[in-house]
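Asks: coordinates for the following, if possible.
(chains A and B)
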Number of protein chains: 2
Amino acid sequence: MKIIKYPGKEDWKEILKRPALNTESLNDTVKGILNRVKTEGDKAVLECEATFDKVQLASLAVSADEIEEAESLISDDLKAAIILAKENIETFHSAQRFTGKKVETRPGVVCWQKAVGIEKVGLYVPGGTAPLFSTVLMLATPARIAGCKEIVLCTPPNREGKVHPAILFAANLAGVNKIFKAGGVQAIGAMAYGTESVPKVYKIFGPGNQYVTAAKQLVSLRDVAIDMPAGPSEVEVLADQSANPAFVAADLLSQAEHGIDSQAVLITTSEELIEKVCAEVESQLAQLPRKEIAAKSLDNSKLILVNDMDEAISMTNEYAPEHLIIETANYMEVAEQITNAGSVFLGSLTPESAGDYASGTNHTLPTNGYAKAYSGVSLDSFIRKITFQEITSQGIQTIGPAIETMAANEQLDAHKNAVTVRLNSLK
Amino acid sequence: MKIIKYPGKEDWKEILKRPALNTESLNDTVKGILNRVKTEGDKAVLECEATFDKVQLASLAVSADEIEEAESLISDDLKAAIILAKENIETFHSAQRFTGKKVETRPGVVCWQKAVGIEKVGLYVPGGTAPLFSTVLMLATPARIAGCKEIVLCTPPNREGKVHPAILFAANLAGVNKIFKAGGVQAIGAMAYGTESVPKVYKIFGPGNQYVTAAKQLVSLRDVAIDMPAGPSEVEVLADQSANPAFVAADLLSQAEHGIDSQAVLITTSEELIEKVCAEVESQLAQLPRKEIAAKSLDNSKLILVNDMDEAISMTNEYAPEHLIIETANYMEVAEQITNAGSVFLGSLTPESAGDYASGTNHTLPTNGYAKAYSGVSLDSFIRKITFQEITSQGIQTIGPAIETMAANEQLDAHKNAVTVRLNSLK
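Replies: Numbering: from 1, shown residues only, chains lettered A, B, ... in the order given. Reported below is the predicted structural model:
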């Protein structure tokens, strides 16, 4: 970990810099696979599964039997935990339901918005050593609340052609309609274009490696919407002398274990805290099964000492962290001043892990400073707001002349005429 | 105009197809300009203005004097119309303000969202023969309501180095902070990367030609968010025998005059209406100054006769029009069943022009079928919702064990440990 003391403001940009993301070099490979999926459908996806996931699949779809069987394959403890998490996610996201109100902008001119679920959505859940069933809950639960009619999930199978039962259990619980054994670029292509088995969707959600990220970017240029741009996960802990060093160390480590490119940053007003956190990291790290990954990631991590809380807050808003843990005496006051962050964890008993799994907030969040422009996934991500307007004769007489003037000045006479014919009919 | 009678459902896709959009062939040119702006800043922008807009500018910024002078250069009628429109846009978008509520997902686990304006936004307003001051209002008004602190506007100057006074008046009225004389790719680059004069922004909004569209796509891959993907403007009129043919014709023509690639579609249950609309289009077209553009665009337009209103509604949702005008006897019932559209205009006295200028709804809307996944611009487009969570000792004791179980099953032991150290501290 790098300790940086009292950096000048001119150095913030360099200190807070993320590792450069560049998926452009992968574009040719990714485009090749996408084009094959677009033209050859299932055949291409099955071939890619054989090549990349080393598995010969008879069909892409997960069967009802497999889903049923999954429930018997996972422990009761895990089932109960998944159910608790799903309920909390459901409670929080249900409270985000939008009810538009009618607004009369002038007498006889009534405008409103209506929220409508995106009809078809695609969820991508990466494979690898660990089954990311938490991501299934985070994406499928709000999709279901939003009223999405077709919720498709793609996830790579293991070499035996199986999907982890915890993923199937979570998907079934959260209301996924169709589950397919497909990973990587081929899965993104299948959902973007549709194949014989996999329905074309209108928006694709979920994390993935750099190939998946590149594929999502490419299909988002024309064919389908995506949740948000992706980058390595990151946490910032903002702490003062009141923070518990063991908690801070545990929070930094929980980010560091994600991968060697994960970012963990501590910004603090307390030099003593930095020393204690370093010692705690050392001792906790030794206990971790993933200690090699975490240790590498910690090489890039920064412990930054600043002059006061105002400076800490400014630097935080400049960094715009995906996850922000505020462990200060007056954390609510600090939170009020946070303008750029994905999800914020308040006080000493609110670790990032809580939001990663079970508090109810979403864990799909903007990385790489994108929090300056993007929100995390929420119910909003699964709906569109359609605007409506209804104008009466009084209304068009009130605003019609202004429309005619503006249209004429923009040299759009047919726009003007669409009002004129109506005003004339009322004379 | 093409008249299509009772098409089979298997033909809908082909009938409703938009002209293919492909900006990829422009990418090399566009990347070249973007890279120059990124490395050379103002110098590159000024040189591009000389090359593309044929103007030698001393500086990019519009001066306070120019803004003041603008007010005296436009008519009182136009000023009053712009003020009326701005007020209505303000009323409707102010009603979209978000107030998050705190949700206790479990005892001691409190989660909420807070809306925060995007600090720096960039608005692009194209040049050309007509000054698009309405677009200035549609973008700057919600940006101001959202609390965006820096609202930057770029628009190309004319050959005398001037910006149209109606654009300056609207920008000043709606609360733009900084206006720059820059158009095309160089304007998008300047706002995406920042130059000596133009601040870097976090999100870019606004329409433009295919070069601007390509530039927005390219910068959105990494550097900055954008409002939505772009395509030619389009309207669908959904009408039954009760519709007024003169109004329908005027609405189709008001779309057709935008450009030769604009789409105007009528879907109706009345064969008689089609005949009458054709005659009306003929006679109204003859009166229009832009009749050549409109006539060319009408060549691509379709008048589609369907069997009944259910079919008309299904076809509409399949098309997902940017603008939808519903002129049927029971238009509110029909509106209830619309799931894919940008903005909907209800009844015979609500032309698209009303929403283009002054009803209060936004006119920056998803084209090209993107309404299946995207909303139009609204207050939401200028904010982010940050999530917060605060957990008490009771809360972490309630959900902590579930988090531990889930983290262990995802093989993320440091995530588990971040909870364990806290639970241990409470023992």
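Asks: alpha carbons only for contacts and neighbour counts from here, please
Replies: Noted.
Asks: which SS state does the nearest residue to A:G194 once chain neighbours are set aside fall under?
Replies: Of all residues beyond its chain neighbours, the one nearest A:G194 is A:K200 (3.7 Å), with distances taken as CA to CA, 6 or more residues apart in numbering or on different chains. State at A:K200, reduced to three classes by DSSP: H, G, I helix; E, B strand; the rest coil: coil.
Asks: now for A:K200: which residues touch it?
Replies: By CA atoms under 8 Å, 6 or more residues apart in numbering or on different chains, the residues touching A:K200 are A:K120, A:A190, A:M191, A:A192, A:Y193, A:G194.
Asks: could you point out which element follows the helix or strand encompassing A:E47?
Replies: Secondary structure from DSSP states H and E places A:E47 in helix A:42-52. The first helix or strand that comes after helix A:42-52 along the chain, using DSSP H and E, is helix A:64-73.
Asks: quick check, the next helix or strand after that next one touching chain B?
Replies: Sequence order places helix A:76-94 as the next helix or strand after helix A:64-73, per DSSP H and E. Yes: remark: helix A:76-94 sits within contact range of chain B at A:D77, A:L78, A:A80, A:A81, A:I82, A:L84, A:A85, A:N88, A:T91, A:F92, by CA under 8 Å from any CA of the partner chain.
Asks: so the second one makes contact with B:A407?
Replies: Spelled out, it's A:L78. No: using CA atoms under 8 Å, A:L78 is not in contact with B:A407; the gap is 10.0 Å.
Asks: name the residues of the helix or strand of chain A with the lowest mean pLDDT that come out as buried.
Replies: In chain A, the helix or strand scored least confidently by mean pLDDT, DSSP states H and E is helix A:291-299, which has a mean of 86. Neighbour counts over helix A:291-299 (16 or more other CA atoms under 10 Å in any protein chain shown) mark A:K291, A:E292, A:I293, A:A294, A:A295, A:K296, A:S297, A:L298 as buried.
Asks: any figure for the gap between the first one and chain B?
Replies: Counting by CA to the nearest CA, to the nearest Å, the gap from A:K291 to chain B is 9 Å.
Asks: number of nearby residues for A:F345?
Replies: Residues within reach of A:F345, counting by other CA atoms under 10 Å in any protein chain shown, total 26.
Asks: then A:T99?
Replies: Neighbour number of A:T99 under other CA under 10 Å is 10.
Asks: and it, which helix or strand is it part of?
Replies: Judged by DSSP H and E, A:T99 forms part of no helix or strand.
Asks: doesn't A:K385 make contact with it?
Replies: No: A:T99 lies out of contact with A:K385 (CA under 8 Å); the separation is 10.2 Å.
Asks: which neighbours do these two have in common?
Replies: Counting by CA under 8 Å, 6+ apart, the residues touching both A:T99 and A:K385 are A:K114, A:A115.
Asks: A strand includes A:F180, no?
Replies: Yes: under three-state DSSP, A:F180 sits within a strand.
Asks: what about the stretch 1-150 of chain A, any weak spots by pLDDT?
Replies: Counting by pLDDT under 70, the ranges of the stretch 1-150 of chain A that qualify are A:21.
Asks: what secondary structure does the spatially most central residue of chain A sit in?
Replies: Centroid-nearest residue in chain A, with CA atoms, centre = their mean: A:T364, separated by 2.8 Å. At A:T364 the chain is in coil, as set by three-state DSSP.
Asks: next one: stretch A:112-120, is it in contact with chain B?
Replies: Yes: on the criterion CA under 8 Å from any CA, stretch A:112-120 is in touch with chain B at A:W112, A:V116, A:I118, A:E119.
Asks: against A:D310, how distant is A:D240?
Replies: As for A:D240, its distance to A:D310 is 12 Å (criterion: CA to CA, to the nearest Å).
Asks: to clarify, my last question referred to A:S242.
Replies: In terms of CA to CA, A:S242 sits 16 Å off from A:D310.
Asks: in the stretch 51-200 of chain A, what residue is nearest chain B?
Replies: A:A81 (4.4 Å; CA to the nearest CA).
Asks: any idea how far that residue lies from A:P142?
Replies: 18 Å.
Asks: of the two, which one has the most company?
Replies: Neighbours were counted for A:A81 and for A:P142 using other CA under 10 Å; A:P142 has more, 29 against 22.
Asks: for the more buried one, give me its contacts.
Replies: A:I89, A:E90, A:H93, A:S94, A:S378, A:L379, A:F382.
Asks: how about the helix or strand harbouring it as CSV, C-alpha atoms only?
Replies: In the assignment (DSSP H and E), A:P142 maps to helix A:133-146. C-alpha atoms of helix A:133-146 as CSV (Å, rounded to 0.1, in the frame of the first residue of the first chain):
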residue,chain,number,x,y,z
PHE,A,133,-25.8,-15.7,-7.4
SER,A,134,-25.9,-12.3,-5.7
THR,A,135,-25.7,-10.6,-9.1
VAL,A,136,-28.6,-12.7,-10.2
LEU,A,137,-30.7,-11.3,-7.4
MET,A,138,-29.5,-7.7,-8.0
LEU,A,139,-30.6,-7.8,-11.6
ALA,A,140,-33.6,-10.1,-11.8
THR,A,141,-35.4,-8.7,-8.7
PRO,A,142,-35.8,-5.1,-10.0
ALA,A,143,-36.6,-6.4,-13.5
ARG,A,144,-39.5,-8.4,-12.1
ILE,A,145,-40.8,-5.4,-10.1
ALA,A,146,-40.5,-3.1,-13.1
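Asks: outline the domain layout of chain A.
Replies: As assigned by automatic domain parsing, chain A contains the domains A:2-20+A:231-360, A:23-226, A:392-425.
Asks: a markdown table for those domains, including distance to B:V235?
Replies: Listed next are the domains of chain A as a markdown table, based on distance: least, CA to CA, whole Å:
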| stretch | distance to B:V235 |
| --- | --- |
| domain A:2-20+A:231-360 | 37 |
| domain A:23-226 | 19 |
| domain A:392-425 | 12 |
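Asks: among those, which is nearest B:R422?
Replies: domain A:2-20+A:231-360 (6.4 Å; CA to CA).
Asks: just how off-centre is stretch A:283-302 within its chain?
Replies: Relative to its parent chain, stretch A:283-302 has a centroid offset of 25 Å by CA atoms, centre = their mean, to the nearest Å.
Asks: got the residues of the stretch 151-300 of chain A near chain B?
Replies: A:202-203, A:217, A:221-222, A:224-225, A:229, A:246-247, A:250-251, A:253-255, A:257-258, A:288-290.
Asks: need phi/psi at the residue nearest to A:P321 when sequence neighbours are not counted.
Replies: Using CA to CA, 6+ apart and skipping the chain neighbours, the partner closest in space to A:P321 is A:A341 (5.1 Å). When quoted as degrees, to the nearest 10, the phi and psi of A:A341 stand at phi -170, psi 160.
Asks: counting neighbours, what do you get for A:A341?
Replies: There are 32 residues near A:A341, going by other CA under 10 Å.
Asks: and what of A:T420?
Replies: Neighbour tally, A:T420, other CA under 10 Å: 20.
Asks: what packs against the one helix or strand A:S353 maps to?
Replies: Taking DSSP H and E as the definition, A:S353 sits inside helix A:352-357. When contacts are defined as 3 or more CA pairs under 8 Å, 6 or more residues apart in numbering or on different chains; DSSP states H and E, helix A:352-357 sits against helix B:393-409, helix B:413-425.
Asks: could you dump those into JSON lines with distance to chain A added?
Replies: Converted to JSON lines, the helices and strands packed on helix A:352-357 look like this (distance: least, CA to the nearest CA, whole Å):
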{"stretch": "helix B:393-409", "distance to chain A": "4"}
{"stretch": "helix B:413-425", "distance to chain A": "4"}
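Asks: how about TSV for the ones you listed, with mean pLDDT added?
Replies: Below are the helices and strands packed on helix A:352-357 laid out as TSV (pLDDT from 0 to 100):
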stretch	mean pLDDT
helix B:393-409	98
helix B:413-425	97
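Asks: distance to A:A264 added to these, as a markdown table?
Replies: Putting the helices and strands packed on helix A:352-357 into a markdown table (distance: least, CA to CA, whole Å) gives the following:
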| stretch | distance to A:A264 |
| --- | --- |
| helix B:393-409 | 19 |
| helix B:413-425 | 13 |
